[in-house]
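*Asks:* no FASTA, just this:
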């Protein structure tokens with residue numbers, strides 16, 4: 001009887017030890033669930049951008065991908081021109097301004113910061129029927145200031161040159177004129193308010209010459225891009241700096257200002273290496 005009791009007690013002790021061991025092991029592998037309400041919330045809200053018409057393709061692809069990745073966010077784009085976009089972020093009517101030129105000293109001094117998203121070549125475009133293939137930077141300046149007025153002076157067929165340009169305040173115009181040193185000197189046959197309108201005008205006039213963003217002008221029917229000083233306008237020549245007429249695409253924000261969570265997330269994405277392929281697909285040159 002005593003032996004039987006000892007056996008029972010031994011079995012009970014062993015069972016107890018086994019239970020404690022299993023409980024200890026279970027405690028090591030069980031994660032404490034996060035308190036309700038502490039899970040990471042998805043981003044939501046609206047991000048408003050305003051500015052450069054030349055940045056339409058770049059902003060379009062970046063916005064589309066960002067909204068696919070963050071379904072609670074809507075990114076809006078108002079193509080008003082660089083000057084207006086800079087003013088809009090300055091007065092708080094948009095989250096992020098878009099400019100296809102560097103900030104002027106007075107704009108930066110007014111509490112604004114420019115962050116380069118990409119580089120863009122400003123292509124010099126002529127009608128596809130124009131026989132001229134290459135122009136020196138000095139030739140381009142002479143054409144747009146009215147010093148040279150006929151294509152025959154540049155090896156083309158006789159015909160009065162029609163200069164097509166952008167409106168005052170356009171980043172493309174500012175970039176073109178600053179690089180060709182023709183600020184406030186251009187004599188234009190037409191002054192248009194969008195890159196697309198310039199391309200269309202050149203396409204419809206065999207004697208026309210204009211300028212447009214590389215991302216907008218390349219592969220367009222009815223026009224051709226002339227080389228500048230023997231250098232073609234391309235991603236490679238813009239990135240290595242050999243193409244003379246180029247400018248930055250920038251996002252403008254208030255210096256020291258705090259963006260909303262959605263706007264900051266979009267800004268971070270657009271300026272990261274993750275956006276490089278999208279920027280390249282839009283015809284611009286990524287810099288991240």
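*Replies:* Noted; the coordinates are in hand. Please read these numbers as outputs of a predicted model, since none were measured by experiment.

*Asks:* what strand or helix carries residue 63?
*Replies:* helix 56-69 (DSSP states H and E).

*Asks:* pLDDT score assigned to the residue nearest the centre of the chain?
*Replies:* Nearest to the geometric centre of the chain sits residue 58, at 4.4 Å (C-alpha atoms, centre = their mean). Per-residue pLDDT puts residue 58 at 95.

*Asks:* pull the contacting residues for the residue lying closest to it once chain neighbours are set aside.
*Replies:* In space, and not counting its chain neighbours, residue 58 is closest to residue 282: 4.5 Å by C-beta to C-beta, 6 or more residues apart in numbering. From N, CA and C alone the C-beta is placed, and that goes for glycine too. Residue 282 makes contact with 57, 58, 60, 61, 215, according to C-beta atoms under 8 Å, 6 or more residues apart in numbering.

*Asks:* where does pLDDT dip in the stretch 101-250 of the chain?
*Replies:* By pLDDT under 70, the stretch 101-250 of the chain contains no weakly predicted segment.

*Asks:* returning to that earlier point: please report the distance of the residue nearest to residue 58 from residue 42.
*Replies:* 26 Å (C-beta to C-beta, to the nearest Å).

*Asks:* with residue 113 instead?
*Replies:* Counting by C-beta to C-beta - residue 113 and residue 42 are separated by 28 Å.

*Asks:* between the two, point out the one with more neighbours.
*Replies:* residue 113 (15 against 9; other C-beta atoms under 10 Å).

*Asks:* was I right to think that one contacts residue 251?
*Replies:* No: Residue 113 is beyond contact range of residue 251, at 9.0 Å (criterion: C-beta atoms under 8 Å).

*Asks:* what number of residues lie near residue 135?
*Replies:* Going by other C-beta under 10 Å, the residues that sit close to residue 135 add up to 22.

*Asks:* what of residue 137?
*Replies:* Neighbours of residue 137 using other C-beta under 10 Å come to 15.

*Asks:* and the closest residue to it other than its chain neighbours, its phi and psi?
*Replies:* Spatial nearest neighbour of residue 137, chain neighbours left out: residue 244 (5.5 Å); criterion: C-beta to C-beta, 6+ apart. In terms of degrees, to the nearest 10, the main-chain angles of residue 244 are phi -70, psi -40.

*Asks:* returning to what we had before: pretty sure the residue nearest to the centre of the chain sits against residue 285.
*Replies:* No: Residue 58 sits out of contact with residue 285 when judged by C-beta under 8 Å, with a separation of 10.3 Å.

*Asks:* any shared contact partners between the two?
*Replies:* Counting by C-beta under 8 Å, 6+ apart, the residues touching both residue 58 and residue 285 are 118, 279.

*Asks:* next, count neighbours for the nearest residue to residue 192 once chain neighbours are set aside.
*Replies:* Counting by C-beta to C-beta, 6+ apart, residue 192 lies nearest to residue 198, which is 5.3 Å off, once chain neighbours are set aside. If you count neighbours by other C-beta under 10 Å, residue 198 ends up with 28.

*Asks:* contacts for stretch 155-165 next, please.
*Replies:* By C-beta under 8 Å, 6+ apart, stretch 155-165 touches 130-132, 143-144, 148-152, 173, 176, 186-192, 198, 201-202, 205-211.

*Asks:* phi, psi for residue 148 please.
*Replies:* Here residue 148 shows phi and psi, under degrees, to the nearest 10, equal to phi -110, psi 120.
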